[in-house]
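Enquirer: next one to model:
(2 chains)
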Amino acid sequence: DAKTTQPNSMESNEEEPVHLPCNHSTISGTDYIHWYRQLPSQGPEYVIHGLTSNVNNRMASLAIAEDRKSSTLILHRATLRDAAVYYCILISNFGNEKLTFGTGTRLTIIP
Amino acid sequence: NAGVTQTPKFRVLKTGQSMTLLCAQDMNHEYMYWYRQDPGMGLRLIHYSVGEGTTAKGEVPDGYNVSRLKKQNFLLGLESAAPSQTSVYFCASSREFGSGANVLTFGAGSRLTVL
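Expert: Coordinates of the predicted model:
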């Protein structure tokens, strides 16, 4: 299964944009890139996903490199409520039921 | 619309005791999953189910059993609890099979302590 690599932790100032990187150099052509986040004492929640093109939704934007070997989750204006662990995972179009999550990136927002 | 509900939220067991964690979803999802989360380990898949009456092993299945007798419920059992099973357990469900657009919905978690 293709793996992802993320920094263990990042800090950002409140009301500033945040760019969370993810490397997935062994990604296959049928793998979608998904991002989830886990707020303190809660279960993970879906943030965004994409295949090749950049994606935007009300929570964030996803920028995917042209070779798809890396991606960046962009929070346009961080708030204290965005402090969480962010997970980047790959989900295959061929029934990848064994969805695994790594340790993610712990994002700290500085007031 | 409750989404994914886990019961109980907290439980303390003694070594050797048995218990069952219940996960219920009201979204008519086919897929259901049980994960455990330990400090510094991320989420690890214990067992999963691709439909009613079917279950399969994940990354760390030893010491656990599961059942999916009804589509909306996925039960995780510990027959003889061990301190190493102290963890936070998360249930998740998803609608689609064989799609990279598969989105998981997680429950709030069940914190289990084995003394």
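Enquirer: pLDDT-wise, which helix or strand of chain B ranks last?
Expert: Using mean pLDDT, DSSP states H and E, strand B:42-51 stands out as the lowest-scoring helix or strand of chain B, at a mean of 91.
Enquirer: where does the spatially most central residue of chain B fall, secondary structure wise?
Expert: Of all residues in chain B, the one closest to the mean position by C-alpha atoms, centre = their mean is B:W34, 2.6 Å from it. B:W34 belongs to strand B:31-38 when assigned by DSSP states H and E.
Enquirer: quick one: distance of that strand to the chain centre.
Expert: 5 Å (C-alpha atoms, centre = their mean, to the nearest Å).
Enquirer: equivalent analysis for stretch B:3-16, please.
Expert: With C-alpha atoms, centre = their mean, you get 10 Å for stretch B:3-16.
Enquirer: so which bits of it are buried?
Expert: Neighbour-count burial for stretch B:3-16 flags B:V4, B:Q6, B:R11, B:L13 (criterion: 16 or more other C-beta atoms under 10 Å in any protein chain shown). Quick note: C-beta positions are derived from backbone N, CA and C, even for glycine.
Enquirer: can you check stretch B:56-70 too?
Expert: B:G58, B:V60, B:P61, B:Y64, B:V66, B:R68.
Enquirer: mind listing the strands for chain B?
Expert: B:4-7, B:10-13, B:19-25, B:31-38, B:42-51, B:54-57, B:65-67, B:73-78, B:87-94, B:104-106, B:110-114 (DSSP state E).
Enquirer: direction included, what does the last one pair against?
Expert: Sheet pairing of strand B:110-114 (DSSP bridges) gives strand B:10-13 (parallel), strand B:87-94 (antiparallel).
Enquirer: how about residues contacting the first one?
Expert: So that's strand B:10-13. B:M19, B:L78, B:A81, B:S110, B:R111, B:L112, B:T113, B:V114, B:L115 (C-beta atoms under 8 Å, 6 or more residues apart in numbering or on different chains).
Enquirer: nearest residue to B:Q25 other than its sequence neighbours?
Expert: Leaving aside its sequence neighbours, B:Q25 sits nearest to B:S93 (C-beta to C-beta, 6 or more residues apart in numbering or on different chains; 4.3 Å).
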